[in-house]
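J.: Quick one: sequence and predicted model below, then my questions.
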Amino acid sequence: MIDRGIAWGLLGPREAEAVWPRHILNSAAVRELVPEGTTVVDVGSGAGLPGIPLALSRSDLEVVLLEPLLRRVTFLQGVIDELGLAPRVTVCRGRAEEHGVRYGAVLSRAVAPLARLIGWCAPLRSDDGQLLAMKGSSADREITEARPVLAEHDLTAQVITVGGDAAGATATVVRMVPRQMR
Ligand SMILES: C[S@@+](CC[C@H](N)C(=O)[O-])C[C@H]1O[C@@H](n2cnc3c(N)ncnc32)[C@H](O)[C@@H]1O
């Protein structure tokens, strides 16, 4: 699977060794924050991150991988078929701002600065849903920059570090919920 990701240009050749900690375990770490049995959209899924590791580690979730680029959508459909994840996991070709479906968890990793991401993702959140944006060390700065957009959507943001169990990978996630849900 890693070879195929490199062949398809979805992973750098020098990234092969780091795939487990940097991509797969980092992605799976977000499972701690996703409520049981909910619907999830992975916005800008790319090579299936974080949606595929999340779906593999949480069989209670229905996961939609949302991705605008045809080549990546074709790759993702191949991964879903090979891993036997259908119909629980599906791929949808499209852009977040045009998707128009609502989910319990709107997930993203390395897609856009938080302020832009909120504008795309907030309309995809169900009434009791949350936005989960996987970010690195820029999380606090991005929250500060996104304050006007957070207010516009009546959302509050919190930085949470997840993972760090025996597998060792951690992830920094910005969790956004309506002010009254906090
Ligand atoms: C840097 S890649 C990250 C892929 C993956 N999430 C990861 O962590 O490796 C960003 C992805 O977001 C997708 N993307 C860009 N704009 C988007 C939009 N408006 N809606 C949905 N996906 C978008 C791109 O096609 C690309 O696959």
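T.: That came through, no problem.

J.: Please count neighbours and contacts with C-alpha atoms only from this point.
T.: Will do.

J.: can you dump the C-alpha coordinates of the strand of greatest length in the chain into PDB?
T.: Longest strand in the chain, counting residues (DSSP state E): strand 125-135. The C-alpha trace of strand 125-135 is given here as PDB (Å, rounded to 0.1, in the frame of the first residue of the first chain):
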ATOM      1  CA  ARG A 125     -21.700  20.000  11.100                       C
ATOM      2  CA  SER A 126     -25.000  18.500  12.400                       C
ATOM      3  CA  ASP A 127     -26.700  20.300  15.200                       C
ATOM      4  CA  ASP A 128     -24.900  18.300  17.900                       C
ATOM      5  CA  GLY A 129     -21.800  17.800  15.700                       C
ATOM      6  CA  GLN A 130     -18.200  19.000  16.100                       C
ATOM      7  CA  LEU A 131     -15.300  20.100  13.800                       C
ATOM      8  CA  LEU A 132     -12.000  18.300  14.400                       C
ATOM      9  CA  ALA A 133      -9.000  19.900  12.600                       C
ATOM     10  CA  MET A 134      -5.700  18.100  13.000                       C
ATOM     11  CA  LYS A 135      -3.000  20.700  13.200                       C
END
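
J.: Flag every buried residue along the biggest helix by length in the chain.
T.: If each helix of the chain is counted by residues according to DSSP state H, the longest one is helix 70-83. Using 16 or more other C-alpha atoms under 10 Å as the test for burial, helix 70-83 gives Arg72, Val73, Phe75, Leu76, Gln77, Val79, Ile80.

J.: Pipe the residues you listed into TSV and attach distance to Val34 and pLDDT per row.
T.: Formatted as TSV, the buried residues of helix 70-83 follow (distance: C-alpha to C-alpha, whole Å; pLDDT from 0 to 100):
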residue	distance to Val34	pLDDT
Arg72	25	97
Val73	24	98
Phe75	25	96
Leu76	22	97
Gln77	23	98
Val79	22	96
Ile80	21	98
